[in-house]
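Asker: Just to be clear, the model below is a prediction. Sequence and coordinates:
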Amino acid sequence: MKIDVVSIFPVFFNVLELSLLGKARARGMLDFAVHDLRDHTHDKHRTVDGTPAGGGAGMVMKAEPWGSALDSLIAGGTDPLLIFPAPAGEVFNQRLAHELAAEKHLIFGCGRYEGIDQRVFDEYTARARVKLVSLGDYVLNGGEVATVAIIEAVARLLPGMVGNPESLVEESHEGGMLEYPNYTQPAVWRGREIPEVLRSGNHAAIAKWRAEQRLLRTRELRPDLLGDAD
Ligand code: ADE
């Protein structure tokens with residue numbers, strides 16, 4: 001998979017080098033590049049924002065540098081999916097992570113300030129596939145944190161990224177439910193025991209207990225996932 005990110009804070013993405021990208025690159029699974037939006041400006045101050053047309057608070061990101069940056073990235077004929085993290089977008093979840101993991105080329109456009117000139121969305125919606133994606137119903141200062149989160153959630157779904165692929169099947173949000181509780185040695189810690197069934201060696205009983213626990217926990221903590229919430 002190829003991932004390009006456009007941002008005015010390229011160093012923000014160094015955090016991905018810590019574990020994810022090194023591993024993915026070594027395994028030849030991810031071609032990742034960050035592009036500085038200011039490299040697409042032509043004035044002395046490398047200006048990326050302007051005052052809002054019609055007045056109002058804050059600043060709006062200018063269309064020209066975005067146009068130049070995105071033109072250069074979509075030129076390769078890879079049929080990329082352009083993702084703009086924004087509070088107005090579709091809320092990100094595990095289903096969407098799987099959907100994005102099936103793409104060949106993702107381009108993230110990280111907006112700041114009051115957002116990006118609307119004509120950028122209009123232009124690229126007419127020319128490419130565009131998605132606005134929100135990390136949740138709250139407002140961040142820009143798209144960078146959301147982009148890091150989305151990349152991490154997507155990249156770990158790429159084949160070969162997680163040591164034991166079975167762990168992906170049983171984790172929270174797979175199959176629309178939360179994960180069952182996990183334990184490891186010692187058998188007793190501060191008087192608290194690992195449930196008997198997990199020490200029984202009876203695989204059918206363990207599978208049944210885990211399935212029940214998934215349902216119980218989901219019902220208790222996230223009934224909305226089961227459609228039980230009112
Ligand atoms: N940018 C600002 N707020 C955001 C959010 N909630 N999700 C994604 N991008 C954002």
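Answerer: Sure, I can see it.

Asker: show me the contacts for Leu158.
Answerer: Shown in contact with Leu158 (Cβ atoms under 8 Å, 6 or more residues apart in numbering): 1, 24, 29-30, 101. In this view, the C-beta of every residue, glycine as well, is placed from N, C-alpha and C.

Asker: Identify the farthest-apart pair in these.
Answerer: For the contacts of Leu158, the maximum inter-member distance is 12.0 Å, found between Ala24 and Ala101 (Cβ to Cβ).

Asker: Tell me which of these two has more neighbours.
Answerer: For Ala24 against Ala101, the residue with the higher neighbour count under other Cβ atoms under 10 Å is Ala24, and the figures read 22 against 17.

Asker: Thought Glu17 was touching the more buried one, still the case?
Answerer: No - taking Cβ atoms under 8 Å as the contact criterion, Ala24 and Glu17 are not neighbours in contact, 10.5 Å apart.

Asker: returning to that earlier point: quickly list what's touching both of Ala24 and Ala101.
Answerer: Overlap between the neighbourhoods of Ala24 and Ala101 consists of 155, 158, taking contacts as Cβ under 8 Å, 6+ apart.

Asker: and this structure, which residues reach the ligand?
Answerer: Residues of the chain lying close to the ligand by Cβ under 6 Å from any ligand atom are 85-87, 134-136, 138-140, 142-143, 146.

Asker: try 5 Å this time
Answerer: 85, 87, 134-135, 139-140, 143, 146 (Cβ under 5 Å from any ligand atom).
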